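# Give me coordinates for this.
(one chain, ligands or ions: 4)
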Amino acid sequence: MSVVILDFGSQFTRLIARRFRELGAYSVILPGSAPLDRILRENPQGIVLSGGPSSVYDEAAPKPAPGVLDLDIPVLGVCYGMQYLAHQAGGDVKRAGKREYGKADLTQYGGQLFEGIQGEFVAWMSHSDSVTQLPAGYEVVAQTEDTPVTAIENRETRRYGVQFHPEVVHTPKGGQLLANFLGICGVTRDWTAEHIIDELVSDVRAQVGDGRVLLAISGGVDSSTLGLLLARAVGEKLTAVFIDHGLLRLGEREQVEAALKPLGVNLVTVDARAEFMAALDGVSDPEQKRKIIGREFIRAFEREARAYGPFDFLAQGTLYPDVIESAGGEGAANIKSHHNVGGLPDDLAFKLVEPFRTLFKDEVREIARLLGLPDHIRMRHPFPGPGLAIRCLGAISEEKLDILRRVDDIFISGLREFGLYDGCSQALAILTPIQSVGVMGDERTYSYTAALRAVTTDDFMTAEWARLPYEFLATMSNRIVNQVHEINRVVYDITGKPPATIEWE
Ligand SMILES: Nc1ncnc2c1ncn2[C@@H]1O[C@H](COP(=O)(O)OP(=O)(O)OP(=O)(O)O)[C@@H](O)[C@H]1O
Ligand SMILES: O=c1[nH]c(=O)c2[nH+]cn([C@@H]3O[C@H](COP(=O)(O)O)[C@@H](O)[C@H]3O)c2[nH]1
Ligand SMILES: NC(=O)CC[C@H](N)C(=O)O
Ligand SMILES: [Mg+2]
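Ligands and ions are numbered 1, 2, ... in the order given. Now for the predicted structure:
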């Protein structure tokens, strides 16, 4: 039993599935045009039609396959999906005079979808078209100032539509609305992270068969959790490879080895420092750096495959944000090439095993908890695969990496010492190429500026800069300038994501 989500190209389709998972419901995303028999194979108790960039009145507008809307099960249309329901039932959809983008308050609401919801309802909108004429059998159940038809329902046929996006965090009561839809569908909400683990294990077994797997492991939460999952799925056929590319933090190699040992995965550490440094020599463009790092990772895995292999599969702890930022979504823009997705070389000889590709970080942490990953790894701040290379702006050098390593160590140890580490989702130091004038011990200095950054976020898709106490920042600034002689100025980054990103490159 499931809910089938038909994808018409929205940026948020995966978030609908994610909200259902949070509510304990199992859902499957299929292409918008999936044939009826494919949908029926999922035993759907309800169908969601996602949003999308098209307009329903366009000739080429995507549609569900014939017969899908004749099924006698509840259907929820979101944005484009609602417009499609209205259009298909004989209503009218037109380009609205006012485009609604961002937050809107519902001026009134009621009906089955909103049952039990009270108080103000903030809805997040992103549309240019609106339903201008209601089809027969439907009634309007919510409105905003600019959009008279913001939610519709037809109780008899159990067809529902919302113009806003209940799946995004900016619609705070959207989860309740989706829960109401699950109730209307009669879905039993017993789908838990344990089920997800069982499903991932059986998917991996089906994909890998008798093949051998090389797991790219970093000591971070995603790949360590994957290590435990793969140990359960394929056991002995697994070799975990940790690359020291010379871009790690102070003492990190030893810490990672010590942390991974008790997990019982078969671990190989590879020293690839010379190869990475040679390949990055003189390269200053951030995308080029990322592509080179992606390629060097694969070349290093290939060398290990020759030594310990052969391996048919390369397993990586890739998450959904890595994919979408690397332009992996339908029509999505390339923000930056994550080394494990957009940075992969074209001639990749391994087949990829990436069971977490559709999940978000907090979901992986929940899986990690159930698989028994120790908390010090589970709650560790993420550290990007390209490491310090994307925090040492412009062309890197051993000297610059060494400066950055010492600054980073002071900042991260300081956060722990002051009990602030767990309150931030991620913290980092950046070495800027800016040199400026200072005065130390009555002498003129002309040295580098270090930047500190700390953010809070759940899913790393959006983030706030952390409001660290001034006293703490003052202590950090003092320690850094006193202990790292190459630095004479420290700044704190006060930009959210968007408009900035978490890493500076
Ligand atoms: N030094 C490394 N050696 C081997 N594989 C790595 C290394 N760094 C990253 N990877 C691979 O790239 C993937 C993506 O890196 P990413 O940093 O997003 O995840 P992570 O390190 O597992 O977790 P976290 O995000 O918490 O740091 C990892 O899951 C892992 O498969
Ligand atoms: O393994 C990785 N390979 C990469 O190429 C990469 N780029 C960014 N990140 C991490 O992803 C999250 C979002 O970062 P941004 O806001 O900078 O895009 C943050 O947690 C970043 O540290 C990466 N992780
Ligand atoms: N987000 C959406 O689904 C948008 C639907 C449609 N393209 C509109 O602009 O109204
Ligand atoms: Mg990492």
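
# what stretches of this structure score poorly on pLDDT?
Within the chain, the stretches with pLDDT under 70 are 327-333.

# That one: helices as residue ranges?
Ranges of helices in the chain, per DSSP state H, are 13-22, 36-40, 80-88, 174-185, 193-208, 221-234, 252-260, 273-280, 286-308, 320-325, 361-371, 375-378, 398-417, 470-483.

# Minimum distance to ligand 1: which of those helices has it?
Proximity of the helices of the chain to ligand 1 was assessed by CB to the nearest ligand atom; the nearest stretch is helix 221-234, lying at 3.3 Å. (Glycine included, C-beta is placed from N, CA and C.)

# And the closest one, what does it pack against?
Helices and strands touching helix 221-234, by 3 or more CB pairs under 8 Å, 6 or more residues apart in numbering; DSSP states H and E, are helix 193-208, strand 213-216, strand 238-244, helix 252-260, helix 361-371, helix 375-378.

# try it again with 10 Å
helix 193-208, strand 213-216, strand 238-244, helix 252-260, strand 313-315, strand 351-353, helix 361-371, helix 375-378 (3 or more CB pairs under 10 Å, 6 or more residues apart in numbering; DSSP states H and E).

# Serialize those to CSV and add fields for mean neighbour count and distance to ligand 1.
Output for the helices and strands packed on helix 221-234, formatted as CSV (neighbours: other CB atoms under 10 Å; distance: least, CB to the nearest ligand atom, whole Å):
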stretch, mean neighbour count, distance to ligand 1
helix 193-208, 15, 14
strand 213-216, 24, 3
strand 238-244, 21, 4
helix 252-260, 16, 8
strand 313-315, 24, 7
strand 351-353, 18, 10
helix 361-371, 19, 7
helix 375-378, 14, 9
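
# out of these, nearest to residue 480?
Comparing the helices and strands packed on helix 221-234 by their distance to residue 480 (CB to CB), the top pick is helix 252-260, with 19.1 Å.

# and the angle from that closest one to helix 221-234?
40 degrees (axes from the mean of the first three to the mean of the last three CA atoms, to 10 degrees).

# For the chain, identify the residue most remote from the centre.
residue 442 (49.0 Å; CA atoms, centre = their mean).

# Contacts only, for the spatially most central residue of the chain.
The chain has residue 321 as the residue nearest its centroid, 2.6 Å off, counting by CA atoms, centre = their mean. For residue 321, the contacting residues are 328, 335, 338, 341, 359-361, 457, 459-461, by CB atoms under 10 Å, 6 or more residues apart in numbering.

# do residue 378 as well
221, 224-225, 364-369, 371-372.

# Can you tell me how far it is from residue 263?
Going from residue 378 to residue 263 by CB to CB, to the nearest Å gives 12 Å.

# now do residue 75
From residue 75 to residue 263 the distance is 45 Å (CB to CB).

# And residue 161, by the same measure?
Residue 161 is 48 Å from residue 263, by CB to CB.

# These two: who's more crowded?
Shown here are residue 161 and residue 263; by other CB atoms under 10 Å, residue 161 has more neighbours (27 against 18).

# Can you verify my assumption that the more buried one contacts residue 111?
No. The criterion here is CB atoms under 10 Å, and residue 161 misses it with residue 111 at 11.0 Å.

# Overlap in contacts, these two.
141, 151-153.

# taking these one by one, which sit in strands?
Among these, DSSP state E puts 141, 151-153 in strands.

# out of those, who's nearest ligand 4?
residue 151 (41.5 Å; CB to the ion).

# shouldn't residue 115 be in contact with residue 177?
Yes. The pair residue 115 / residue 177 is scored as a contact, 9.2 Å apart, by CB under 10 Å.

# quick one: which of the two has more around it?
residue 177 (26 against 13).

# residues contacting that one?
19, 76, 109, 113-117, 121, 123, 142, 151, 160, 162, 164, 166-167, 171.

# ok, now how distant is residue 241 from residue 87?
53 Å.

# try residue 14
25 Å.

# Now for the residue of the chain found nearest ligand 3: which residues touch it?
With CB to the nearest ligand atom, the shortest gap between the chain and ligand 3 falls at residue 51, namely 2.7 Å. By CB under 10 Å, 6+ apart, the residues touching residue 51 are 7-13, 16, 77-83, 126-127, 162-165, 167.

# Pull out the buried members of those residues.
7-13, 16, 77-83, 126-127, 162-165, 167 (16 or more other CB atoms under 10 Å).

# count of residues packed around residue 462?
Neighbours of residue 462 (other CB under 10 Å): 14.

# And residue 66, by the same measure?
Neighbour count of residue 66, defined by other CB under 10 Å: 9.

# Which residue, other than its chain neighbours, is closest to it?
Spatial nearest neighbour of residue 66, excluding adjacent residues (CB to CB, 6 or more residues apart in numbering): residue 36 at 7.1 Å.

# and what of residue 8?
Nearest one to residue 8, counting by CB to CB, 6+ apart, is residue 52 at 3.2 Å.

# Ramachandran angles for that neighbour?
Here is the backbone geometry of residue 52 (degrees, to the nearest 10): phi 180, psi 160.

# quick one, what contacts it?
So residue 52 contacts 6-11, 13, 32, 61-62, 78-81, 83-84, 330-331 (CB under 10 Å, 6+ apart).

# Ok, residue 236 next?
212, 266.

# Kindly recompute the last result at 6 Å.
By CB atoms under 6 Å, 6 or more residues apart in numbering, the contact list for residue 236 is empty.

# ok, now how distant is it from ligand 4?
Distance of residue 236 to ligand 4, given as CB to the ion, to the nearest Å: 26 Å.

# same question, residue 457
15 Å.

# Quick check: that residue touching residue 424?
No. Using CB atoms under 6 Å, residue 457 is not in contact with residue 424, being 9.5 Å away.

# Show the backbone phi and psi for residue 147.
phi -130, psi 100.

# If we ignore the residues flanking it in sequence, what's nearest residue 503?
residue 390 (5.2 Å).

# what's the answer for residue 351, then?
Leaving out its chain neighbours, the residue that sits closest to residue 351 by CB to CB, 6+ apart is residue 313, at 5.1 Å.

# For the one you found, give the beta-bridge partners.
residue 213, residue 351 (DSSP bridges).

# That one against residue 348, yeah?
No. At 11.4 Å, residue 313 and residue 348 do not qualify as touching, with contact defined as CB under 6 Å.

# Run a quick neighbour tally on the residue in the stretch 151-300 of the chain that ligand 1 sits nearest to.
When scored by CB to the nearest ligand atom, the stretch 151-300 of the chain has residue 220 as its residue closest to ligand 1, at 2.4 Å. If you count neighbours by other CB under 10 Å, residue 220 ends up with 19.

# next one: residue 30
19.

# List the residues that contact it.
So residue 30 contacts 4, 6 (CB under 6 Å, 6+ apart).

# again, 7 Å this time
4, 6-7, 38-39 (CB atoms under 7 Å, 6 or more residues apart in numbering).

# so which of the residues you listed is the most crowded?
residue 6 (27 neighbours).

# Once you drop chain neighbours, what's closest to that residue?
The shortest distance from residue 6 to any residue other than its chain neighbours is 4.8 Å, reached at residue 32 (CB to CB, 6+ apart).
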